[in-house]
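Peer 1: Need coordinates for the below:
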Amino acid sequence: MLSNAAAAAGQPPRLADRLAAARQRRFVGRQPELELFRTSLLAETPPFAVLHLHGPGGVGKTSLLREYARIAAQAGRTVVSVDGRNVDPSPPGFLSAVRNAIQIDETTAIVDAWPPDSLLFIDTYEALAPLDTWLREVFLPQLPAETLVVVAGRNPPAPAWLTDLDWSDLTHSLPVQNLRPEESQAYLTTRGVPDDHHADVLAFTHGHPLALALIADALQRGERLARFNPKDAPDILRVLLERIVADVPSPLHRRALEVCVLSRSTTEELLAQVLEVADARDLFEWLRHLSFIEQGPDGVYPHDLAREVLNEDLRWRSPTGRRDLSVRLSTCLHHRFAQAHGIEQQRIWFDLFFLYRHNPVFRPFFDWSAYGTAYAEPALPSDHPEIEAMVSKHFGHESAAIARHWLNRQPEAFLAYRDHSGALFGFMCHLELHRATPEDIETDPAAVAALAFAERHGPIRPGEEVAHLRFWMNRDVGQGVSAALNLTAVNSTIYWTTHPKLAWNFIAIADPDFLEPHFTGSHLWRYPEADFTVGDQRFGVFAHDWRVEPIADWLMMKKRLATDAPPRANPAAPNPDTTPAHLSDEQHLAAVRQALRDFGRPSALARNPLARTRLVAQANEDDAPGVTLQRLLREAVMSLRTSPRDLKLHRALWHTYIEPAPTQERAAELLDLPFNTYRYHLARGIERVADWLRQQDSSSP
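Peer 2: Numbering: from 1, shown residues only. Predicted structure coming up:
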């Protein structure tokens, strides 16, 4: 946002001006902080170039920044404002936010277009922590020498700001604390709180600005202020927010607030979809005006502290309602994902992961402090040597040679993980084995083991695909919890859910025991039979057959995880010998031929591979699989009676297998056919029965 008082001169008043005036009336105190800023603003040579405001959530840092901006505007200075909550925490994302603030396009250099005599304000700086080094060493030094930068965040400045010889004299750190008693009283007076309440309010809030605002809101709603004992209720925000939850205008308003608490950000459209109302405008406007609700480009969201308090309140007060609401939110996001493309899909999956953040399947296995602080992009040729070095460091030189092979053969399978200075810190490699040559397969024991496993337990049909998450790691911690694991989870999930022809996906893990609870809870099953060894390192393998549990069913399971529900007790991997079989065309024809031979023996039919197909499972009417397969074979043979051209095939099959003659020679005599002609009809009939069963299997849900 770009603000300049001079630019607004002569323009008619705007609603924004009224909002700014209301904020100014409510702003009290902070005189030392304001004087420091005024002095620096007016100095010919400011005493510092960067001012770090830091303090806990709700202490008033954003309000102080707004007052700084007002003072700067009165002095005719331009303020370029960036809020870390609304910025993709990457160098390109930050540069884009600055370009939007100063209203230039991507073809114009920021330094060339920088407004003269301007200031840069960065709020919610903790959200941009991964950019700290890049901002200090790359971006800020390019700005004009007279630029004054003010950053506001929860954390004190990183040590380098104060110890670096170049920056230490140009940096000032200013903690923002609770309001002093006289400032708190002045604020309560501006909010219309009667004097006889001041002592109780101050005793309860200790001058915490957000707590003062919440109490003032409660009093303006007509509540009587009881005498609080801080020893009985030390958590100010919890007490006050529970009061707000108890005093919403209607049950529908309560549900709207709960949607806002659970979702990463809330829009009017999302409210309407989740709450199933035609018009959510009034609900959205009510949310926007709550004192603990903040606003960003993607919608509104609670103050971080308020979100956690209200989330715990909802979990305690209405666990069933919270679960149902989480499922609704998850359903809406999945629907949006199905219609999204490109980077929007990744953003939606991060929104979904936000819903999962309290679930025990996810919580211990992700670096939530690094959530959204790194990005993935296709690996560049210049990244290849460092990728090989990472593999060699953690898995040995034999594995590095395999990685080098795939970098040459499927370079597009590699995603580079970068921090927000652009430095490579990890990567993933998601191979497409269905495109690999036999020579490629023989080069990698992982590919050999995976395809052999699939051939035994679910052969790949023509047109189907096989993916293998062959490598992924962080440069420093390998496959431990890190931002690399976050990015791997999101990008793998996007791949699986956007490839409808995917039959199998495999995942190679150096320490399978560590991640097994997460993978098992997500229905990615541990199959030791697919394990492999490279050099001295043995890798455990997880896999999923998407024909056994299709995407729609898997996503339904994921929706349950959004409710914070733990996985069902001790979920076990599907037994490949009992799950539905997926036969190649050659295997299918051989199984049909054997099944017809065994038609009169249901016990033998039960052992036939066809008995484990999805077709038999769906057609089963509480009969044994052998009996069901016998019925299907009869239906297949009978289907040939409907066409005069196929009637001779039907008769050959019928007198050979369904009501068999003593010998095939006798069957040929019954049909009045030469033996060779009979054999030809029989072979054609078997092929037609195989086609009929294949078509029925393919159409099974």
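
Peer 1: Following the record's annotation, map out the domains of this structure.
Peer 2: 2-175, 181-244, 248-339, 375-561, 585-698 (automatic domain parsing).

Peer 1: Now render those domains as CSV, adding mean neighbour count.
Peer 2: Backbone N, C-alpha and C define where each C-beta goes, glycine included. Formatted as CSV, these follow (neighbours: other CB atoms under 10 Å):
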stretch, mean neighbour count
domain 2-175, 16
domain 181-244, 16
domain 248-339, 17
domain 375-561, 18
domain 585-698, 17
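
Peer 1: lowest-confidence stretch among the ones you listed?
Peer 2: Lowest mean pLDDT within the domains of the chain: domain 181-244, a mean of 69.

Peer 1: right, and the domains of the chain - which one's nearest Leu352?
Peer 2: Minimum separation from Leu352 across those (CB to CB) falls at domain 248-339, 5.2 Å.

Peer 1: Compute the first-to-last residue distance for the closest one.
Peer 2: 35 Å (CA to CA, to the nearest Å).

Peer 1: got the domains of the chain as CSV, with distance to Asp367 columns?
Peer 2: Below are the domains of the chain laid out as CSV (distance: least, CB to CB, whole Å):
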stretch, distance to Asp367
domain 2-175, 12
domain 181-244, 26
domain 248-339, 17
domain 375-561, 5
domain 585-698, 39
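
Peer 1: who wins for proximity to Phe353 among these?
Peer 2: domain 375-561 (6.7 Å).

Peer 1: Of all the domains of the chain, which one is nearest Pro364?
Peer 2: Nearest to Pro364, of the domains of the chain and by CB to CB, is domain 375-561 at 7.8 Å.

Peer 1: wait, which of the domains of the chain is closest to Phe350?
Peer 2: Among the domains of the chain, domain 375-561 sits nearest to Phe350 (CB to CB), with 6.3 Å.

Peer 1: And that closest one, how far out from the chain middle?
Peer 2: 18 Å (CA atoms, centre = their mean, to the nearest Å).

Peer 1: now the strands: where do they sit in the stretch 51-200 of the chain?
Peer 2: Ranges of strands within the stretch 51-200 of the chain are 78-83, 118-123, 148-153, 171-175, based on DSSP state E, counting those that start in this stretch.

Peer 1: Distance to Thr613 added to those strands, as TSV?
Peer 2: Converted to TSV, the strands of the stretch 51-200 of the chain look like this (distance: least, CB to CB, whole Å):
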stretch	distance to Thr613
strand 78-83	56
strand 118-123	60
strand 148-153	59
strand 171-175	69
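
Peer 1: what's the closest of these to Ala503?
Peer 2: Ala503 lies closest, by CB to CB, to one member of those: strand 78-83, at 45.4 Å.

Peer 1: From the contact counts, what lies against that closest one?
Peer 2: Under the contact criterion of 3 or more CB pairs under 8 Å, 6 or more residues apart in numbering; DSSP states H and E, strand 78-83 touches strand 2-3, helix 61-74, helix 91-102, strand 118-123.

Peer 1: Leu257 belongs to a helix?
Peer 2: Yes - Leu257 forms part of a helix when assessed by DSSP: H, G, I helix; E, B strand; the rest coil.

Peer 1: How about it, nearest residue that isn't a chain neighbour?
Peer 2: Leaving aside its sequence neighbours, Leu257 sits nearest to Val248 (CB to CB, 6 or more residues apart in numbering; 6.3 Å).

Peer 1: May I have the helix or strand hosting Lys558 as PDB, with CA atoms only?
Peer 2: Lys558 belongs to helix 551-561 when elements are defined using DSSP states H and E. What follows is helix 551-561, C-alpha atoms only, in PDB (Å, rounded to 0.1, in the frame of the first residue of the first chain):
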ATOM      1  CA  ILE A 551      -8.900 -41.100  -5.500                       C
ATOM      2  CA  ALA A 552     -12.500 -40.300  -4.400                       C
ATOM      3  CA  ASP A 553     -12.300 -42.800  -1.600                       C
ATOM      4  CA  TRP A 554      -8.900 -41.700  -0.500                       C
ATOM      5  CA  LEU A 555     -10.000 -38.000  -0.400                       C
ATOM      6  CA  MET A 556     -13.000 -39.000   1.700                       C
ATOM      7  CA  MET A 557     -10.500 -40.600   4.200                       C
ATOM      8  CA  LYS A 558      -8.500 -37.400   4.100                       C
ATOM      9  CA  LYS A 559     -11.600 -35.400   5.000                       C
ATOM     10  CA  ARG A 560     -11.900 -37.400   8.200                       C
ATOM     11  CA  LEU A 561      -8.300 -36.400   9.100                       C
END
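
Peer 1: Could you point out the helix or strand that follows it?
Peer 2: Next along the chain after helix 551-561, taking DSSP H and E as the criterion, comes helix 585-597.
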